[in-house]
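J.: Sharing a model prediction with you, sequence too.
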Amino acid sequence: MSWKVNERGLVLIGCGRMGGALLDGWLASGINPSAVHVVDPFPRAELRELGVNVGGILPHAPAVVVIAVKPQSLDTIAENLPSIGEDTLVLSVVAGITLSSWEALFPHSPIVRAMPNTPAMIRQGITAIIGNDKAERKDVALALEVMEAVGDVVELNEETQIDAVTALSGSGPAYVFYMIESMAAAGQAEGLPLEIALDLAKKTIAGSGMLAIEANESLSDLRQSVTSPNGTTAAGLDQLMSPEQGLPSLILRTISAAAKRSRELARGQ
């Protein structure tokens, strides 16, 4: 982690699942534990043993304040905020809270909004970030460094794209988990023991995802390499690729519904 964080400190507000995953990633990335200050009502017991500051006096004008709480907890965090300087980066990992809402709390600060997903728990996440007008390139670079501790990071062009990110990669793991469940149930229906069907489904999804990332071929070429004319894969794809009842229309409706709900939540509905 950069000298700026180690010298000036990083404050983590909220050490639940996502905040905890971030903290584990920072520690694994070489951050000085004494530079980290955690504000959480129920901190993990081992944090003090690791050298992380839990409670106590927060640093004045830290390099970064990372807010990783539930949206409904925002009303209670004001009393726990450190003194924030104009060059303190405020990094929000709170779903549904817009940059303008954060600017009402931090009118003079660079602010970056981040949307990670749950594979961050094993440092395989993908995060999208967008900064406000006060976030200069150095601030965005710092946000990238902080979030890369739990996976890859992409930069957005405008904040409205966050709703699509939320619907695609933020909610996406749940879609994949349900697909694994459904594939295993279908395998069981064809005569496999559920335990074996589940193992096959999990590792097929995981292996295919890694192949999609690592291979030089396009997804279409990879799909066609598995598909023999008039074979078993072709028979399955006839169902899956049906324009009316297949996966494309279902996924389109799924992403659209999730993005619509993300927009509603941002408006407080």
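T.: Good, I have the coordinates.
J.: C-alpha from now on. contacts and neighbour counts both.
T.: Noted.
J.: Kindly provide the distance from the closest residue to Ile97 other than its chain neighbours to Ser169.
T.: Leaving out its chain neighbours, the residue that sits closest to Ile97 by CA to CA, 6 or more residues apart in numbering is Ala266, at 6.1 Å. Taking CA to CA, to the nearest Å as the criterion, Ala266 is separated from Ser169 by 17 Å.
J.: Compare neighbour counts for the two and give me the winner.
T.: Neighbour tally, Ala266 and Ser169, criterion other CA atoms under 10 Å: the higher count belongs to Ser169, 21 against 14.
J.: Output the longest strand belonging to the protein.
T.: For the chain, the strand with the greatest residue count under DSSP state E is strand 125-131.
J.: partners of that one, with directions?
T.: For strand 125-131, the paired strands and their directions (DSSP bridges) read strand 111-115 (antiparallel), strand 151-155 (parallel).
J.: Turn these into TSV, including mean pLDDT, mean neighbour count and distance to Glu190.
T.: TSV is the format used below for the strands paired with strand 125-131 (pLDDT from 0 to 100; neighbours: other CA atoms under 10 Å; distance: least, CA to CA, whole Å):
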stretch	mean pLDDT	mean neighbour count	distance to Glu190
strand 111-115	97	26	39
strand 151-155	97	17	37
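J.: Which one, of those strands, ends up nearest to Asp221?
T.: Shortest distance between Asp221 and the strands paired with strand 125-131, using CA to CA, is found for strand 151-155: 24.7 Å.
J.: Please list the outside residues in contact with the closest one.
T.: Taking CA atoms under 8 Å, 6 or more residues apart in numbering as the criterion, the residues outside strand 151-155 that touch it are 120, 123-130, 144, 147.
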